[in-house]
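# Structure of the sequence below:
(2 chains)
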Amino acid sequence: MIYLDYAATTPVAPRVLDAMLPYFREDFGNPSSVHRYGQRAEAALDSARETVASALNCRPDEVIFTSCGSESDNLALRGAALAMQEKTGANWILTSRAEHHAVSKTAEQLEKHYGFQVEWLNVDESGMVHPETVEEAVCHETAIVSVMYANNEIGTINPIREIAEVCHEHGVLFHTDAVQAAAYLPVDVDSLGVDMLSLGAHKFYGPKGVGALYVRKGTPLVPSQTGGGQEFQLRAGTQNVPYIVGFAEAFWLTNEEREERTAHVKPLRDRIVGTVLEEIPNVRLTGHPINRLPNHCSFALEGVDGNLLLTLLDAAGFACSSGSACKTGNPEPSDVLTSLGLPRVWALGSLRVTLGVGTTIADVDAFSKTLPPLVEKARILATDKNR
Amino acid sequence: MNTDKVVVAMSGGVDSSVAAALLEQQGYEVIGMMLRLWSEAGREDSNRCCTPDAMTQARRVAALLDIPFYVVDAKEIFRSTVVQYFLDGYAQGVTPNPCLICNRAIRWDFMLDHALALGAEFLATGHYARKMKDESGKMKLLRAVDASKDQSYVLHGLTQEKLAKTLFPIGDYPKSEVRRLAESFGLPTATRADSQDLCFLAGEDYREFLRRNAPGICKPGPIVSRDGQVLGEHQGLAYYTIGQRKGLGIASSQPLYVLAKELATNSLIVGREAELGRSELAAEDVNWIAGQPPAASFRAQVKIRYTASDAPAEVSLMDGEQARVRFDAPQRGVTPGQAAVFYAGEVLLGGGIIV
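Next up, the predicted model:
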């Protein structure tokens, strides 16, 4: 099997796993405990926080560990919206039509149950949010703006720094979901100018089940999860020390190796894009052709059932993904692809191929050779199905 | 050892699970597949063949066997062939058997095509039936070893070409043995209640389904006797089946039964029990498993419904793909739209749709 779905998740790097293991057995203490077991766990936690803070270029007490990227998004959006509503009465949420569900579903819930109004920012045909669009929509009644750093389905990178500037000119908080971006893009929060930024470890060779939220000092935030005073009163619950250690190790490694990893995946990715566009009829690249994650390519194929193509690819030994990842065989075009204005017959045939440190040129060539005949097969079967 | 790839149609039930396990044991490279079929909007959770529950169960079995498992969308083709056939049948005054068309157009066409596209040599199902190759290399379709579970009736539309690409791994075992095998393989042994309900009816009476999906086909009309006497009014021909006794709402000196439906006059013909028996029938769209009939006229055991027992008869060929069946003794419940299937002992010769 050849794995080409690194945007879905990545394997834990060996040295990350090695760093985690002692905290399951020898140093298993609760970081809140007084005794030395607790002290050792707390030291590991503090050290992890410092590592992450230094990679983010922020203060350690601006890093909140959570259980995943989705939780970070929830805490940021719900926490800031509720705090701003209480503080200033602001009750508008601005977010884009191409966000991850962790953001869009949270916004919908805030609208339905908490009296907020959501303004959905349009994206261009590459899925990009333009700062001018934010400028037109933002006002003193805006509680928070949330626009993702890079899109998980189509790889497009948003001009986060410019959008953050627009928000701050209006005195409005800005959050970005950087879960997909962090594996390849610099996440210097100071230079990006964001107030909050979400991360998830398993996208960059860390374990699943641990995430983080950067929260700029002074950002008003109501905790989503209440209980003990962990994580600066913002996220109750005993910290998952081994996973947090793994997060820090993986994030540090990612920052160290960013350029090297990019240099590895980008030419391989470009090779796939080249073959697909040249050898398969009626296909287009989705997302931005240039401003996109370097390990990411995504396509829309006219007249193909995306799920079926994934099935054929898997049987042929290639693990890929589609925009509308769904294992129940119930094809619906994804919200993101719909937001780009793609016609349904194109949006249903989505394919996402994402590379990683383990991808070789042989993998890419084998894939490029296998894909065109499988697309042909999928198109014949689709005609079958609709006859 | 077999090294061929085979796709198993999995339902999450014990039969198809054991089928998959047996094939794996025989060395095949096994792939599980389930089709997502059509259900009325809002009733997707009740489709007997592909509820989320059945899907979870099948996925679990696939994980236990360590085989890949895929769900393929077949909603549109299922609606446009099977469901449409069902609605058209009732509109034409017959009692259609959509499972027959499902096996022909969905399982052994759409699904087989998908299996072949995945690089498989065979499509396997959990049907209780057997296939065998004779000395001349021809494929034969046989009843299951377990006569009480035999499902060959619904497979009478298979051709030589399709049979050659088909495996029925559990046809050689009695049901009790299949359950025992499931246990020994460590598979879930729960069986869903055997049901003859159609999957897309979601456990509901077909009449309700027709009311919603084909309201135009159910026009009230007269209930008449064989001699043309009007006895009452029916609610729409589609709501009645041949042999039905209850629900006619006619006061009469003796019980009355539905004998026939006359579409041209929208009449429901009723009569006494003694009139129910028919000593012959004609079948159309006849398929011969061997590719041709055994003779222009031959003796056979004939099944007129999935649950009917064998009736000895003389089968004669007619023009086109038609056949005439003369029973040795009159048969009750001869229903246009159902299949008449011909057997010579264990061997299924062919069958067609009763007109």
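# so what does whichever helix in chain B runs longest touch, helix or strand wise?
In chain B, with assignment by DSSP state H, the single longest helix is helix B:52-65. If contacts are counted by 3 or more C-beta pairs under 8 Å, 6 or more residues apart in numbering or on different chains; DSSP states H and E, helix B:52-65 sits against helix B:14-25, strand B:29-36, strand B:69-73. (Glycine included, C-beta is placed from N, CA and C.)
# Give me the mean pLDDT for it.
Per-residue pLDDT values across helix B:52-65 average out to 89.
# quick one: the helices in the stretch 251-387 of chain A?
Listed in chain order, the helices of the stretch 251-387 of chain A (DSSP state H, counting those that start in this stretch) span A:306-315, A:335-339, A:344-347, A:361-386.
# I'd like those laid out as a markdown table, including mean neighbour count.
Compiled in a markdown table, the helices of the stretch 251-387 of chain A are given as follows (neighbours: other C-beta atoms under 10 Å in any protein chain shown):
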| stretch | mean neighbour count |
| --- | --- |
| helix A:306-315 | 24 |
| helix A:335-339 | 22 |
| helix A:344-347 | 18 |
| helix A:361-386 | 17 |
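# any chance of the helices and strands packed on helix B:52-65 in a markdown table, with mean neighbour count too?
Putting those into a markdown table (neighbours: other C-beta under 10 Å) gives the following:
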| stretch | mean neighbour count |
| --- | --- |
| helix B:14-25 | 24 |
| strand B:29-36 | 24 |
| strand B:69-73 | 22 |
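# Pipe the ones you listed into CSV and attach mean pLDDT per row.
Shown next, in CSV, are those (pLDDT from 0 to 100):
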stretch, mean pLDDT
helix B:14-25, 96
strand B:29-36, 95
strand B:69-73, 93
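# looking at those, which is closest to A:Val16?
Taking C-beta to C-beta, strand B:69-73 is the member of the helices and strands packed on helix B:52-65 nearest to A:Val16, at 30.6 Å.
# now that closest one against strand B:29-36, angle please.
Inter-element angle recorded for strand B:69-73 and strand B:29-36: 30 degrees (by axes from the mean of the first three to the mean of the last three C-alpha atoms, to 10 degrees).
# so does strand B:69-73 get close to chain A?
Yes - residues of strand B:69-73 are located near chain A by C-beta under 8 Å from any C-beta of the partner chain, namely B:Tyr70, B:Val71, B:Val72, B:Asp73.
# about what we covered before: need the helices and strands packed on helix B:52-65 in CSV (columns: distance to A:Asn240).
Formatted as CSV, the helices and strands packed on helix B:52-65 follow (distance: least, C-beta to C-beta, whole Å):
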stretch, distance to A:Asn240
helix B:14-25, 37
strand B:29-36, 35
strand B:69-73, 32
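# which stretch among those comes nearest B:Lys175?
helix B:14-25 (8.3 Å).
# hang on, B:Gly126 is in a strand, isn't it?
No - checked against DSSP: H, G, I helix; E, B strand; the rest coil, B:Gly126 lies outside a strand; its state is coil.
# Which residues are in contact with it?
B:Val8, B:Ala9, B:Met10, B:Ser11, B:Gly13, B:Asp15, B:Ser16, B:Ser17, B:Val18, B:Ala19, B:Pro169, B:Ile170 (C-beta atoms under 8 Å, 6 or more residues apart in numbering or on different chains).
# How is the last one assigned, secondary-structure-wise?
Translated: B:Ile170. Secondary structure of B:Ile170, per three-state DSSP, is coil.
# where does it sit relative to chain A, distance-wise?
Distance from B:Ile170 to chain A, counting by C-beta to the nearest C-beta, to the nearest Å: 24 Å.
# So what's the residue count around that residue?
By other C-beta atoms under 10 Å in any protein chain shown, the residues close to B:Ile170 number 30.
# so it sits right up against B:Val178, yeah?
Yes - the criterion here is C-beta atoms under 8 Å, and B:Ile170 meets it with B:Val178 at 5.3 Å.
# Count the residues that sit near B:Ala214.
16.
# Check A:Thr106 too.
There are 25 residues near A:Thr106, going by other C-beta under 10 Å.
# Can you tell me the SS state at the closest residue to it other than its chain neighbours?
Using C-beta to C-beta, 6 or more residues apart in numbering or on different chains and skipping the chain neighbours, the partner closest in space to A:Thr106 is A:Leu77 (4.8 Å). Secondary structure assignment for A:Leu77 (three-state DSSP): helix.
# for the one 10 residues further on, same thing?
The three-state label given to A:Lys87 by three-state DSSP is helix.
# which SSE is the residue of the stretch 251-355 of chain B found nearest chain A in?
The minimum distance from the stretch 251-355 of chain B to chain A, using C-beta to the nearest C-beta, falls at B:Asp285 (19.3 Å). In this assignment (DSSP states H and E), B:Asp285 forms part of strand B:278-288.
# strands paired with that strand, and their directions?
Taking DSSP bridges as the criterion, strand B:278-288 sits next to strand B:323-331 (antiparallel), strand B:347-354 (antiparallel) in its sheet.
# Buried residues in it, which are they?
B:Arg278, B:Leu281, B:Ala282, B:Ala283, B:Val286, B:Asn287, B:Trp288 (16 or more other C-beta atoms under 10 Å in any protein chain shown).
# What pLDDT is listed against B:Gly236?
89.
# ok, it - how many residues close by?
Counted with other C-beta under 10 Å, B:Gly236 comes out at 20.
# My guess is it contacts B:Pro215. True?
No - at 9.5 Å, B:Gly236 does not count as touching B:Pro215 under the criterion of C-beta under 8 Å.
# for the stretch 151-300 of chain A, what spans make up the strands?
Along the stretch 151-300 of chain A, the segments classed as strands by DSSP state E, counting those that start in this stretch run A:173-177, A:196-200, A:211-215, A:283-285, A:296-301.
# same question, the stretch 251-355 of chain B
B:257-262, B:267-271, B:278-288, B:297-303, B:311-317, B:323-331, B:339-344, B:347-354.
# ok now the fourth one, how far from the chain's centre?
Looking back up the chat, that one is strand B:297-303. With C-alpha atoms, centre = their mean, to the nearest Å as the basis, strand B:297-303 stands 20 Å off its chain's centre.
# Pairing partners for that strand, with directions?
Using DSSP bridges, the strands paired with strand B:297-303 in its sheet are strand B:311-317 (antiparallel), strand B:339-344 (antiparallel).
# Outside of it itself, list whatever touches it.
So strand B:297-303 is in contact with B:153, B:309-317, B:325, B:327, B:340-345, B:349, going by C-beta under 8 Å, 6+ apart.
# Please convert the buried members of these into PyMOL selection syntax.
Remark: buried members of these, expressed as a PyMOL selection using 16+ other C-beta under 10 Å:
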select buried, chain B and resi 153+311+313+315+316+317+325+327+340+341+342+343+349
